[in-house]
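Peer 1: Sequence and predicted model, in that order:
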Amino acid sequence: MALLSGLAAAAYATPWEARGAEPSAAEQLGLKRPEGQGEGSSSLSQTVATTPSGAGLFAFDYDAGLFNGQCRRSAGSGYLGFRNPNGSLRLLGRLPALTTPPVIGGGREALVVFTLDCKRHSILPFSGALERLRLRTGPLGRRPTTDTVLSSTAEEQLTTIAANPSGDLAVAWLAPSGRVGVGIPEPTDLLHLSIGRTSGSMGSPVVFGVDGVGPRMSNPFFTNVRIAWTGHRELIVAYVVDSAVMVQTWRPRHGLSRSQAIGGVNPGQGTYLNLAVGPGGRAVIAWGTHEDNIEPESPRKVFASVRTGTGVRFGVAHQLDPGPVTGGHYSGFGGKVQTHVSSDGFTTVAWASEKGDGASVCVAVVDPSGHFQPVQELAPDSANLTLTSAPGGGTVLQWEVTEWYRRFTLSQATRQPGAVSFAPAEASALRLGVLDGAELIDSATGE
């Protein structure tokens with residue numbers, strides 16, 4: 001997660017309900033989680049993107065809780081709210097369901113909405129219908145009305161968006177290619193990338209593996225993508241294709257660089273990448289992967305690769321966690337691997353390390369020269385880890401500790417500016433990276 005002032009970042013997939021007397025942003029606007037929607041679960045996710053002046057663009061996404069393969073009239077609905085610095089929160093309007101949070105760039109806002117394609121289904125295991133993607137843009141603080149069709153078929157919830165302060169905009173998504181038949185290649189998911197401006201049109205999508213960009217392999221199968229803008233108008237594109245984690249960069253008038261392989265994954269495991277950027281073009285890519293797909297799953301291994309500045313290649317993946325050394329099977333606890341680059345040049349990777357039937361809080365710090373410090377275990381139990389910048393360039397790691405059913409306490413550990421390790425864990429009463437009940441997101445990464 002990033003700065004609490006200016007652009008701020010958090011995990012989009014983890015909604016947070018504010019506590020205490022102050023109502024959440026959704027409650028202030030009268031939005032509640034709908035009940036009685038039939039099969040499946042429903043949730044109201046809340047995010048906010050902020051500007052350096054303190055204005056906030058709030059997004060609310062009601063997920064209708066679709067089960068795999070079950071298609072309804074709608075996947076849910078989205079809402080936008082806006083608040084000027086020191087002003088009151090107001091509702092901008094209702095939108096189709098959101099597949100990305102909103103981002104801010106060049107004084108404008110952008111987000112991707114979707115409708116379901118109930119006649120076509122994902123080729124990924126345990127997934128449902130495909131999505132039709134549309135980009136919505138508009139002046140900051142108004143309901144976005146400029147509408148651009150991005151794709152008629154895209155994989156569910158595998159679209160990512162990023163914008164930089166000058167208004168450069170990028171959207172990446174995975175879409176099926178090919179068809180089932182005798183004597184033809186198996187269908188595959190291909191990576192699409194469109195780059196443009198929040199104030200103008202988007203470029204035609206570049207298809208990795210087809211348009212002369214990306215890895216040179218026959219019938220490549222992409223399973224994940226993350227993108228982020230650095231301060232030099234450079235876009236970092238990290239993705240998983242087959243059993244490799246790859247990275248490329250894009251710059252104006254230069255286009256996409258050659259692909260670089262930085263690590264490996266189990267190709268059938270559905271690896272989730274996390275990407276964070278910082279000052280001077282510093283960046284980190286981290287992920288976790290299991291060796292096989294048996295249930296319960298084998299121990300998860302955690303890897304990270306860092307870049308120390310613009311124009312420097314990413315280093316080969318550093319293994320942070322080999323998984324438990326004891327035999328047997330494991331439950332697959334852990335969640336996302338979190339990443340952060342602080343203003344003092346230090347990089348942090350945090351994750352939940354499997355310990356038989358539980359998961360402990362682990363963290364690794366990388367100094368500005370790219371050297372990995374020893375892994376620290378900060379607590380024996382964890383859930384929903386987040387990383388946030390501390391004043392002066394330090395880093396705060398927060399996590400939830402379950403007390404009993406649906407109740408938990410909040411703990412945190414802090415790395416002081418210039419320090420190579422975190423102080424011991426302590427209790428926390430305030431969730432950092434949260435504004436009025438909505439998770440703060442970084443426009444540069446959409447995370």
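Peer 2: Yes, it's here. Numbers count the residues shown, from 1 in each chain.
Peer 1: Give me the next element, helix or strand, following whichever helix or strand Asp147 is part of.
Peer 2: Using DSSP states H and E, Asp147 maps to strand 146-154. Where DSSP H and E defines the elements, the next helix or strand beyond strand 146-154 is strand 160-163.
Peer 1: List the neighbouring strands of the strand holding Asp147 plus their orientation.
Peer 2: strand 129-139 (antiparallel) (DSSP bridges).
Peer 1: Strands of the stretch 301-447 of the chain, residue ranges please.
Peer 2: With DSSP state E, counting those that start in this stretch, the ranges of strands along the stretch 301-447 of the chain come out as 318-321, 338-341, 347-355, 358-366, 376-379, 386-389, 395-404, 407-415, 426-428, 434-435, 438-441.
Peer 1: And the stretch 51-200 of the chain, by the same measure?
Peer 2: Using DSSP E, counting those that start in this stretch, strands in the stretch 51-200 of the chain cover 56-63, 76-83, 90-95, 97-98, 103-105, 108-121, 129-139, 146-154, 160-163, 168-177, 188-197.
Peer 1: quick one: the strand holding Asp147 to chain centroid distance?
Peer 2: Relative to its parent chain, strand 146-154 has a centroid offset of 20 Å by CA atoms, centre = their mean, to the nearest Å.
Peer 1: Just give me the neighbour total for Gly141.
Peer 2: Residues lying near Gly141 (other CB atoms under 10 Å) number 18. For the C-beta atoms, the positions are set from N, CA and C on the backbone; glycine is no exception.
Peer 1: For the nearest residue to it once chain neighbours are set aside, which residues are in contact?
Peer 2: Among residues not flanking Gly141 along the chain, Phe82 sits closest, at 4.6 Å (CB to CB, 6 or more residues apart in numbering). Neighbour list for Phe82: 55-58, 89-90, 92, 140-142 [criterion: CB atoms under 8 Å, 6 or more residues apart in numbering].
Peer 1: Quick check: the gap between Phe82 and Arg143.
Peer 2: To Arg143, Phe82 is 9 Å away according to CB to CB, to the nearest Å.
Peer 1: what do those two both touch?
Peer 2: Leu92.
Peer 1: Tell me where the stretch 301-447 of the chain is predicted with low confidence.
Peer 2: Applying pLDDT under 70 to the stretch 301-447 of the chain flags residues 325-334, 356-357, 404-407.
Peer 1: swap the cut-off to 90 and go again
Peer 2: Scanning the stretch 301-447 of the chain with the threshold set as pLDDT under 90 gives 301, 311, 322-336, 353-360, 380-384, 390-393, 400-409, 429-434, 437.
Peer 1: hey, C-alpha coordinates of stretch 386-396 in PDB?
Peer 2: The C-alpha coordinates for stretch 386-396 follow below in PDB (Å, rounded to 0.1, in the frame of the first residue of the first chain):
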ATOM      1  CA  THR A 386      -1.900  -4.900   4.100                       C
ATOM      2  CA  LEU A 387       1.200  -2.700   3.700                       C
ATOM      3  CA  THR A 388       1.100   1.100   4.100                       C
ATOM      4  CA  SER A 389       3.600   4.000   4.000                       C
ATOM      5  CA  ALA A 390       4.500   5.500   7.400                       C
ATOM      6  CA  PRO A 391       5.400   9.200   7.700                       C
ATOM      7  CA  GLY A 392       9.000   9.900   6.700                       C
ATOM      8  CA  GLY A 393       9.500   6.900   4.600                       C
ATOM      9  CA  GLY A 394       8.900   3.900   6.900                       C
ATOM     10  CA  THR A 395       6.400   1.100   6.400                       C
ATOM     11  CA  VAL A 396       3.500  -0.300   8.400                       C
END
